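>>> Need a 3D model of the following:
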Amino acid sequence: MAISIEIFPLSSTLDMYGGPDASSAYSLSGHVSISLSSPATLFERRRAVRLLLQSLVITFEGQSELVSPSTGYSAVRLCSISQELAPNEPLELSNEDGLEESDAPCTYNVLFNLRIPGWLPASDTFGDCKQSPPGTRYSLHAIANFVPSDPESSSGSWLAALCSPFYSKTRVVHAPLCEITLNRFGALPSMAASDLSTYPSVNYSVAAHPEDADPASRDPNAIPLDVLSKIQTVVSIPEHIAVEKDSFDFSLRFRAPEQAQLEGRLQITDFSVEVEQTEKYRASGSKYTSRYPLPKDRHQPPNEPLRNPHPIQALFDLGLMSSAFTPSAATSRTFSLLPPDLVAAYRLTGDGLTFASDSAVDPTSWYTMTTSVPFVSAGTPRAEDETEKAEGRSWAGAHNIRPTSQSPFFGVKHTLRVAVSCAYEPSAGAEPILEKLIFSLPLDFVRTRPAPVPVGQQHQRSESGASTTSSQYSVPELPAYSQLFHANGDRKVDESVPLPVYTPAGSSSSLTLEAEQAARDPKNASFDDADLADLDAATPVPSS
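Numbers count the residues shown, from 1 in each chain. From the prediction side, this is the model:
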């Protein structure tokens, strides 16, 4: 007799939304097929197969592995979630009623529904991919235990009956591994800020400082720190940025409420931005383990080997390779996400924005400069870095954009660095002092789920020769439970849309900066005197 089992999930992907959340869970459903068939023999007719199903266990397992010349080999089991699908009493399965004579197997489908925690990191590939790509992977496994329902039917032939005393009565059958891709998408926004941004903007009050802010080592001829401290700066960036986009909105707001106390003239002439991605590889995942409920040490490799390990693990188990790396071993790299032929520098027309005691600028008004910052979107091929190639560090691959994320051995973070050029005249006719104010902000890059695509179906009528085409759209899926309800079951209230803000007529003015389209064709930005409501009254400004 022939017995086989196979796993059929409803979907080979599991989509999660928002950041990792230990209080949320997602459903992974499908069925396990048990196939029975009676093999044909030359000496006797096919006989029916009768078995008792004692156990059928399906397991969802996640693992993360890192292979690199700098950290060696590291592995961790992220989760192992099992469910017994067989009833408490043995269940008889058979291909009787004429099916034993058929070449097609008799199939039983057993449904399953697994509860997957919402803190798991997304499926990813990272590290040295020269042999087999390491990274974060998930898979389904199933194992079934059968015993013959009666000895006569289990023998199948005189040869099997003769050898039956030497075989175990219990048959253990394993299902082929079933890969599951875990996707993590950004939470669906309640409103969009603009055409460039899928998500609304967030305002940050930043403390811009010069490159050398230490009073002990600061150049005495530099702009006095008390002068620079009189400038208040607010930055507006999207809450999340889709990696599928190629730019995002960015605005700077300035004001100097104490400009009447300035002894000279302080000008803001231009600014530049840089978008950086930092990838960190580490040999130990202790920090991640302390934050999320990973399996205990006794269930971690090498105490309990992974079900589907990287091929290099076998070399370590056999002692053919030894690692001299310490658990604290780590390496990182940082690179720019700006297009290679573009320098994101922006100039203000004329004398720029001037703050002085006799300036016509309203000291209580915010003056804003708005532009869009380009970056290399996902899917854009990028070559390997020549410097990394020469230094033997090309194992990490090309400088491709990744979502902001954290996993046990690999982390990705993004930073927006801004430099604002200032010119200060201590007195009328004096030589201006030039200096840059710098600050940085974290960016959150996310993946967005593709929109549903219409599926066209062609129906041909052979009798009349006529054909009709009907367009069907995929059924929209319900949002994740965590997007609608809190952990205690209370429904979430969308508080992201503020009430309309009262704006007094003529209370403030604004300064708008048009972005330079590319460094190849720089041009001066222009000013616009449109009204702008007081930012403090419009939106709460969190501290950076």
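>>> and R447, how many neighbours does it have?
19 (other Cβ atoms under 10 Å). C-betas here are computed from N, CA, C, even on glycine.
>>> Quick check: bridge partners of it?
Counting by DSSP bridges, R447 forms beta bridges with F185.
>>> Domain map for this structure?
When the chain is parsed with automatic domain parsing, its domains come out as 2-185, 201-276+338-378+416-448+498-538.
>>> and the nearest residue to D351 once chain neighbours are set aside, how many neighbours?
In space, and not counting its chain neighbours, D351 is closest to Q267: 6.0 Å by Cβ to Cβ, 6 or more residues apart in numbering. Other residues near Q267 number 21, with proximity taken as other Cβ under 10 Å.
>>> And S421, by the same measure?
18.
>>> where's it relative to D212, distance?
15 Å (Cβ to Cβ, to the nearest Å).
>>> go on, V49?
On the measure of Cβ to Cβ, V49 and D212 end up 82 Å apart.
>>> Got phi/psi on D297?
phi -60, psi -30 (degrees, to the nearest 10).
>>> Just the pLDDT at it, thanks.
Looking at D297, its pLDDT is 92.
>>> wouldn't it be in contact with E304 here?
No. The criterion here is Cβ atoms under 8 Å, and D297 misses it with E304 at 9.5 Å.
>>> And the two? Which one has more around it.
Applying other Cβ under 10 Å to D297 and E304 shows that E304 carries more neighbours, namely 14 against 9.
>>> what kind of secondary structure is the more buried one in?
Classification of E304 using DSSP: H, G, I helix; E, B strand; the rest coil returns coil.
>>> Check the gap between it and A104 for me.
Counting by Cβ to Cβ - E304 and A104 are separated by 39 Å.
>>> Closest to the centroid, which residue in this structure?
P403 (4.4 Å; Cα atoms, centre = their mean).
>>> Is that residue part of a helix or strand, or is it coil?
coil.
>>> And it, what's its pLDDT?
For P403, pLDDT reads 96.
>>> do the same with the one 5 residues further on
Note for P408: predicted pLDDT of 94.
>>> re the thing from before, between V49 and D212, point out the one with more neighbours.
Counting neighbours by other Cβ under 10 Å for V49 and for D212 shows that V49 has the greater number, 26 against 11.
>>> Give me the pLDDT for that one.
So, for V49, pLDDT stands at 79.
>>> residues touching the closest residue to G186 other than its chain neighbours, list them.
Spatial nearest neighbour of G186, excluding adjacent residues (Cβ to Cβ, 6+ apart): V446 at 3.2 Å. Taking Cβ atoms under 8 Å, 6 or more residues apart in numbering as the criterion, V446 is in contact with R184, F185, G186, H240, I241, A242, V243, P403, T404.
>>> Which of the helices or strands spans the nearest residue to A398 once chain neighbours are set aside?
Using Cβ to Cβ, 6+ apart and skipping the chain neighbours, the partner closest in space to A398 is R382 (4.6 Å). Per DSSP states H and E: R382 is located in neither a helix nor a strand.
>>> Isn't R382 up against N400?
Yes. The pair R382 / N400 is scored as a contact, 5.8 Å apart, by Cβ under 8 Å.
>>> how about the helices in the stretch 251-400 of the chain?
For the stretch 251-400 of the chain, the helices defined by DSSP state H, counting those that start in this stretch cover 286-291, 312-317, 386-390.
>>> can you tell me the helix or strand for H141?
strand 135-148.
>>> for that strand, packing partners?
Contact partners of strand 135-148 among helices and strands, from 3 or more Cβ pairs under 8 Å, 6 or more residues apart in numbering; DSSP states H and E: strand 2-9, strand 25-37, strand 50-68, strand 124-125, strand 171-174, strand 178-185.
>>> what pairs with it, and is each one parallel or antiparallel?
Strand 135-148 has these strand partners (DSSP bridges): strand 50-68 (antiparallel), strand 124-125 (antiparallel), strand 171-174 (antiparallel), strand 178-185 (antiparallel).
>>> mean confidence score for that strand?
95.
>>> What of stretch 119-130?
Mean predicted confidence for stretch 119-130 is 92.
>>> what's the answer for stretch 363-377, then?
88.
>>> Identify the residues contacting the residue nearest to A398.
Per Cβ under 8 Å, 6+ apart, neighbours of R382: V376, A398, H399, N400.
>>> just I438 next, same as before
I438 neighbours (Cβ under 8 Å, 6+ apart): A208, H209, P210, E211, R417, V418, A419, V420.
>>> which residues does it bridge with?
H209, A419.
>>> which regions of the stretch 401-544 of the chain sit below the pLDDT cut-off?
By pLDDT under 70, the weakly predicted segments of the stretch 401-544 of the chain are 452-483, 487, 494-544.
>>> Repeat that for the stretch 251-400 of the chain.
Checking the stretch 251-400 of the chain against pLDDT under 70 turns up 319-328, 358-359, 361.
>>> swap in the stretch 101-250 of the chain?
Applying pLDDT under 70 to the stretch 101-250 of the chain flags the ranges 101-103, 150-168, 189-197.
>>> ok, now with 90
For the stretch 101-250 of the chain, applying pLDDT under 90 flags the ranges 101-106, 128-133, 148-171, 187-201, 206-232.
>>> where along it do the strands fall?
Listed in chain order, the strands of the stretch 101-250 of the chain (DSSP state E, counting those that start in this stretch) span residues 106-117, 124-125, 135-148, 171-174, 178-185, 201-206, 209-210, 232-238, 241-242, 247-255.
>>> and the longest one, how far out from the chain's middle?
By that I understand strand 135-148. Computed by Cα atoms, centre = their mean, to the nearest Å, the chain-centroid distance of strand 135-148 equals 27 Å.
>>> Quick check: buried residues in that strand?
G135, T136, R137, Y138, S139, L140, H141, A142, A144, N145, F146, P148 (16 or more other Cβ atoms under 10 Å).
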